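Trainee: predicted model and sequence below, questions to follow.
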Amino acid sequence: MFRRIIVEDWERITALLGWFLFAFVFISSTVRAIRMPKEAVRRMENLPFERESHE
Amino acid sequence: MTPSAKTLDTHPNAAKIRITYNDRVVRQFLLATLVWGVVGMLVGVLLATQLAFWQANLNTSWLTFGRLRPLHTNAVIFAFVGNMLFAGVYYSTQRLVKARMASDALSAIHFWGWQLIIVAAAITLPLGFSRGKEYAELIWPINIAVAVIWLVFGWNFFWTLRRRNERTLYVAVWFYIATVITVTVLYVVNHLQIPTSLTHAYPVFGGVQDALVQWWYGHNAVAFFLTTPVLGIMYYFVPKAAGRPVYSYRLSIVHFWSIVFLYIWAGPHHLLNTALPSWLQSLGMVFSLMLWAPSWGGMLNGLLTLRGCWNRVRTEPVLQFFAAAITFYGMATFEGPLLSIKSLNALSHYTDWTVGHVHSAALGWNGFMAAGMIYWLVPRLWNRELYSKNWAQMHFWLGMVGILLYVAAMWVSGITQGLMLSATKEAGSVLAYPNFLDAVTSTRWLMHMRALGGALYMAGFILMGWNIFKSIRGAAPLENHVEVVPEPVEAASRLGLKSGFLNPPVLYSLGLILCAIGWGTLSGLAGGLCLWGMIAVVVVTLIHKEVTGTLWTEWYDRLLANALPFSALTTVAMLVGGVVQLLPTILMDKNRHQEGINMEPYSALQLYGRDLYVQEGCYNCHSQMIRTLAGDVLRYGAYSKIGESIYDYPFQWGSKRTGPDLARIGAKYPNIWHYHHMRDPRQISPGSTMPAYPWLFSKEADLSVLPNRIAVLRKLGVPYPEQSDAEILADAKADAERIAADLGTAGAPINPNREIVALIAYLQRMGKSNARPLAEAPTAAPATK
């Protein structure tokens, strides 16, 4: 009764493209974040703590 | 080089430079946040009051719900949160990259230009100049001003990054980069239009295409205007206020890339169960559900940054606001994906539940982050302690109680509306509450509660304004400076666009992704070849890496130190989702039948009436989309097909039903019914909260605009027949005279050139599409009752 027409079959590829792309980015950014050297992490996370004239 | 940056130490190995930050622009944006915050909330409280007492519109055209609601949303999003995020971005970026903003002039142009735009919006929207698209209502001359001022901001921002004295880019700056780029693309695409006059234009997309583009924009306005810059602000200001680094910098990296890649796909969840093709609905739902992970990762990262200082949260208002704001971020980003589940959305969509969800995020996440940031910044920008910590705490509790009252009212109201409007009896064949007004009247007490909650929140915000005023009165603005050893990006680690993308890691990754897609989508020999292609790419990658002995992670490290390729990668991330989602529907042939419908264009008078419908903001309370749900079909008629709105510029599917759906209102009632209903809705529908529209009965319709408007629509592909201007006007007048004569016969004589006549012409056309079902058209299953 409430059948909704899907326009074209080829458009299904887009969902797969999205999946593969996101999976790739997620996995690679996670791996890279985990393997980030400790010194680099420490340096980056302390960037907001530059002392200013009023501090 | 700005004059304030001068070398202090000439020793070659320890040359320090002194940087005086441009905090003037931060102060300006901060004060503008307070002013526009009050304006946006005041309009919101007035609107909430109108839902309880319709008389609160004072029977004037410019205070009606339809015209004021766009002012409320635009004021809160672009004026309140906009000014807040600019203050935060200007303050934190300068410190994170150890450089003054590149141009004081551009900063000033940005500030004053943005305020002028807000003033223009505050004037034009109540006057009824609207594009009829949510959060994108401003007319085209203002759109151009927004684009120019945004580019000024972007130019100044990237110029500052280029002149930075810090080699790497902190994660907050990544979020700002994503904001600048994505908002530019979203805004431009959703505001593509062809003007018909100085105050009117038609969007280049219509119907389902417009719906898709609009919610790609609308959802990502939430994502990249209300979320990513505020996340950047969170990653800078929360560690500063807590006095300790972010809980996990590694998690913030995953948070960033996941948010940027995922958010852009989720827009179709605003169109679930509608005429949107189902593959897009599935795409929107699945990607929305995936957003749970990065959103909660970010929330936990923010909250855990407060580890070890929770005792201070009890006494320090700044930390109180930040902790509550991040908690609201978590709650809102839990609720968002939940509401994107198709079956739950069937209940929640078009009801107050969505309104409550949006307000828990806007008031809790954005509003409280703004408050925390402002309380933290004021002593540092004016060198004065906060006038009263007690007032700040009172603000917190007023705001908190206000949000809870508001959101609780909207949950109860939304679920009640959803259940009542979809309830059936007699084995699902009859509506349990056939009168739409039953849902309106039974939730009216909740509208009082909603107004009270909003008023309490606003009272807290005004208290903050007064506290800030008392704090800074007579104070001399502080010129903050810092002495740093510059760490410019070394030549060896510079990465251009070409070397940023044409390198082994990127090319091998691309090959792997393409082969994976081929393997997933192709069958037979081609699919098999793609599988072997994947294996081959992996093997070649390993051999290449072994032979050359290079560390490809260096590429990523260099990317983070080079704003240009980093920005380009972020753009690609955002564009892929947008293009994949939009292109197939945009390429659709509008003139071909869609689901068995091949539309006839609106007549000239109907078109004029439709433009009035858009101008009055009727879409703020009425949808034009009967979903594929039993409750909708039983109440309003056969579900809406794509083809029925294909020539609607702009589409008017709506997002909230304060009143009933109008997709098939045409010919349901006689002309005289609409005449009386528009003049006094309560005469026809006792208990209705709809405003009366007396000005439509006295204002003359300016039909002379029609030939030009039809010419523009013809350019956009609407198949209007070739007609001279005189013929178009004669047709419109003939239609008007016919309707006026009918009204006269029914006892309501009226001049045919009044606007109400044109509006009735449009209302009577809705759902009566003059569609020409084609023999070869695929047959949509008939809706049954």
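Mentor: Yep, it's here.

Trainee: how many other residues sit next to B:Ile535?
Mentor: Look at B:Ile535: counted by other Cβ atoms under 10 Å in any protein chain shown, it has 10 neighbours. C-beta coordinates here come from the backbone N, C-alpha and C atoms, glycine included.

Trainee: nope, B:Glu546 is what I meant
Mentor: The local packing of B:Glu546 (other Cβ under 10 Å) involves 9 other residues.

Trainee: how about B:Arg162?
Mentor: B:Arg162 is flanked by 13 other residues according to other Cβ under 10 Å.

Trainee: now it: closest residue in space, sequence neighbours ignored.
Mentor: B:Ala563 (6.8 Å; Cβ to Cβ, 6 or more residues apart in numbering or on different chains).

Trainee: now do the SS call for B:Ile19.
Mentor: Here B:Ile19 takes the strand state, with states given by DSSP: H, G, I helix; E, B strand; the rest coil.

Trainee: number of nearby residues for the residue nearest to B:Arg162?
Mentor: Using other Cβ under 10 Å, B:Ala563 has 22 other residues around it.

Trainee: that one and chain A, how far apart?
Mentor: Plainly put, B:Ala563 is 15 Å away from chain A if you go by Cβ to the nearest Cβ, to the nearest Å.

Trainee: hmm, B:Ala32 is touching B:Leu116, no?
Mentor: No: B:Ala32 lies out of contact with B:Leu116 (Cβ atoms under 8 Å); the separation is 11.6 Å.

Trainee: helices along the stretch 201-350 of chain B, start to end?
Mentor: Assigned by DSSP state H, counting those that start in this stretch, the stretch 201-350 of chain B shows helices spanning B:207-224, B:228-242, B:249-263, B:278-290, B:292-304, B:310-313, B:317-339, B:342-348.

Trainee: for the ones you listed, which one sits closest to chain A?
Mentor: helix B:249-263 (4.1 Å; Cβ to the nearest Cβ).

Trainee: now do the closest one: distance to the chain's middle.
Mentor: What separates the centre of helix B:249-263 from the centre of its chain is 20 Å, taken as Cα atoms, centre = their mean, to the nearest Å.

Trainee: mind exporting that helix as PDB, just the C-alpha atoms?
Mentor: Taking C-alpha atoms only, helix B:249-263 is exported to PDB below (Å, rounded to 0.1, in the frame of the first residue of the first chain):
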ATOM      1  CA  TYR B 249      44.000  14.700  22.300                       C
ATOM      2  CA  ARG B 250      43.900  11.500  20.400                       C
ATOM      3  CA  LEU B 251      40.200  11.200  20.800                       C
ATOM      4  CA  SER B 252      39.800  14.800  19.600                       C
ATOM      5  CA  ILE B 253      41.400  13.800  16.300                       C
ATOM      6  CA  VAL B 254      39.000  10.900  15.800                       C
ATOM      7  CA  HIS B 255      36.200  13.200  16.900                       C
ATOM      8  CA  PHE B 256      37.100  15.800  14.300                       C
ATOM      9  CA  TRP B 257      37.400  13.600  11.200                       C
ATOM     10  CA  SER B 258      34.300  11.500  12.100                       C
ATOM     11  CA  ILE B 259      32.200  14.600  12.600                       C
ATOM     12  CA  VAL B 260      33.300  16.200   9.400                       C
ATOM     13  CA  PHE B 261      32.800  13.000   7.300                       C
ATOM     14  CA  LEU B 262      29.500  12.000   8.900                       C
ATOM     15  CA  TYR B 263      27.400  15.100   9.500                       C
END
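
Trainee: check whether that helix comes near chain A.
Mentor: Yes: Helix B:249-263 reaches chain A (Cβ under 8 Å from any Cβ of the partner chain) through B:Tyr249, B:Arg250, B:Leu251, B:Ile253, B:Val254, B:Trp257, B:Ser258, B:Phe261, B:Leu262.

Trainee: tell me what that helix is packed against?
Mentor: If you count contacts as 3 or more Cβ pairs under 8 Å, 6 or more residues apart in numbering or on different chains; DSSP states H and E, helix B:249-263 packs onto helix A:12-34, helix A:38-45, helix B:171-190, helix B:207-224, helix B:228-242, helix B:292-304, helix B:563-586.

Trainee: kindly recompute the last result at 7 Å.
Mentor: Identification of packing neighbours for helix B:249-263 by 3 or more Cβ pairs under 7 Å, 6 or more residues apart in numbering or on different chains; DSSP states H and E yields helix A:12-34, helix A:38-45, helix B:171-190, helix B:292-304, helix B:563-586.

Trainee: what's the average pLDDT for that helix?
Mentor: On average, the pLDDT along helix B:249-263 is 89.

Trainee: ok, back up a step: quick check, nearest of the residues of helix B:249-263 next to chain A to A:Met36?
Mentor: Relative to A:Met36, the closest of the residues of helix B:249-263 next to chain A is B:Arg250; by Cβ to Cβ it sits at 6.0 Å.

Trainee: I figured the closest one hits A:Arg32, correct?
Mentor: No: using Cβ atoms under 7 Å as the test, B:Arg250 is too far from A:Arg32 to be in contact (9.1 Å).

Trainee: of the two, which one has the most company?
Mentor: It is B:Arg250, of B:Arg250 and A:Arg32, that has more neighbours when counted by other Cβ under 10 Å, with 20 against 16.

Trainee: farthest-apart pair in the residues of helix B:249-263 next to chain A, please.
Mentor: Within these, B:Tyr249 and B:Leu262 form the most distant pair, 20.4 Å apart (Cβ to Cβ).

Trainee: have a look at the two and say which one is more surrounded.
Mentor: Higher neighbour count among B:Tyr249 and B:Leu262: B:Leu262, with 25 against 22, using other Cβ under 10 Å.

Trainee: and that one, what is it in contact with?
Mentor: A:Phe22, B:Phe287, B:Met290, B:Leu291, B:Pro294 (Cβ atoms under 7 Å, 6 or more residues apart in numbering or on different chains).

Trainee: re earlier: okay, B:Ala32 and B:Leu116: which has more neighbours?
Mentor: In this view B:Ala32 and B:Leu116 are compared by other Cβ under 10 Å, and B:Ala32 has more residues nearby, 21 against 13.

Trainee: packing partners of the helix or strand containing the more buried one?
Mentor: Under the criterion of DSSP states H and E, B:Ala32 resides in helix B:24-52. Packed against helix B:24-52 by the contact rule (3+ Cβ pairs under 7 Å, 6+ apart) you find helix B:65-74, helix B:82-96, helix B:104-124, helix B:368-382, helix B:444-472.
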